[in-house]
Every structure is written in C-alpha cells, then in structure tokens.
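> Curious how this folds, go ahead:
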Amino acid sequence: MNLLNGSDHMPPVVIDARPIRQLVRARDVAKKLGVSVSWVVQHASGKRMPYLPHIKMGSGRSPLRFDPVDVERFIDDCRCIAGQRARR
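Predicted structure coming up:
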C-alpha cells in the first residue's frame, strides 16, 4: 500500500524514449569538413570564428566530442555566411 495516497498502485514511470546520439571525434569532424584537427579544435574553443559547438568530456585536456546534428548546422550556418558575403 502506498502511504502517500492510500493506493496500492505505483505511479507511472516515464521513460525517455529518445535514442542516444552517437557523438563523433574531432578527427571525424575534420575529415568531413576537409580541414585539420587543429582547425576544428580552434573553432570549438572559440579562438576562431565561427564557433563550432562541442561537448567536452571532462576537465583539463579531456577529449572533445561533437554532435553530428551540430556539425550539420555549423555547415549550414557557414553556407549562409558565405552567401551573405557574396551578395555584398
């Protein structure tokens, strides 16, 4: 018997049904973009623009991981920026 509401029934459990996204490494992003790993790291760190979203796996010099959805969005954003420059 549930002491909180006087019922024998357990409350429903909500399970997050979203699939776990596979994160990729900086070298995978570099290969996709046709750039060096250092280019990817510089853009992910914010030292160079545009900013490349990333996930840092811990503190210090821990590895960076990238969500493929963010990488695709980054590519789309770069296309928009290039298009705006071309129209000037």
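
> quick one: buried residues of the lowest-mean-pLDDT helix or strand in the chain?
Lowest by mean pLDDT, DSSP states H and E among the helices and strands of the chain is helix 68-86, with a mean of 88. For helix 68-86, the neighbour count (16 or more other C-beta atoms under 10 Å) marks 70-71, 74 as buried. Just so you know, the C-beta spots here come from the backbone N, C-alpha and C atoms, and that holds for glycine as well.

> ditto for stretch 49-57
52, 54.

> how far away is the most centrally placed residue in the chain from residue 28?
Nearest to the centroid of the C-alpha atoms of the chain, with distances taken as C-alpha atoms, centre = their mean, sits residue 67, at 3.3 Å. Separation of residue 67 from residue 28 (C-beta to C-beta, to the nearest Å): 12 Å.

> What's the local residue count around the nearest residue to residue 51 once chain neighbours are set aside?
The shortest distance from residue 51 to any residue other than its chain neighbours is 6.5 Å, reached at residue 43 (C-beta to C-beta, 6 or more residues apart in numbering). Close neighbours of residue 43, defined as other C-beta atoms under 10 Å, add up to 20.

> helix/strand/coil for residue 43?
helix (DSSP: H, G, I helix; E, B strand; the rest coil).

> Do I have it right that residue 52 meets residue 65?
No. The pair residue 52 / residue 65 is not scored as a contact, 11.9 Å apart, by C-beta atoms under 8 Å.

> circling back: what residues does the least confident helix or strand of the chain touch?
Applying C-beta atoms under 8 Å, 6 or more residues apart in numbering, the external contacts of helix 68-86 come out as 21-24, 29, 32-33, 50, 52-54.

> switch to 6 Å and redo it
Helix 68-86 is touched from outside by 24, 29, 52-53, with contacts defined as C-beta atoms under 6 Å, 6 or more residues apart in numbering.

> So which of these belong to helices?
Those of the contacts of helix 68-86 mapping onto helices are residue 29, per DSSP state H.

> where in this protein is pLDDT low?
Within the chain, the segments meeting pLDDT under 70 span 1-8, 86-88.

> in stretch 27-36, what counts as buried?
28-30, 33.

> Dump these to TSV, plus distance to residue 82.
Output for the buried residues of stretch 27-36, formatted as TSV (distance: C-beta to C-beta, whole Å):
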residue	distance to residue 82
28	23
29	19
30	19
33	14
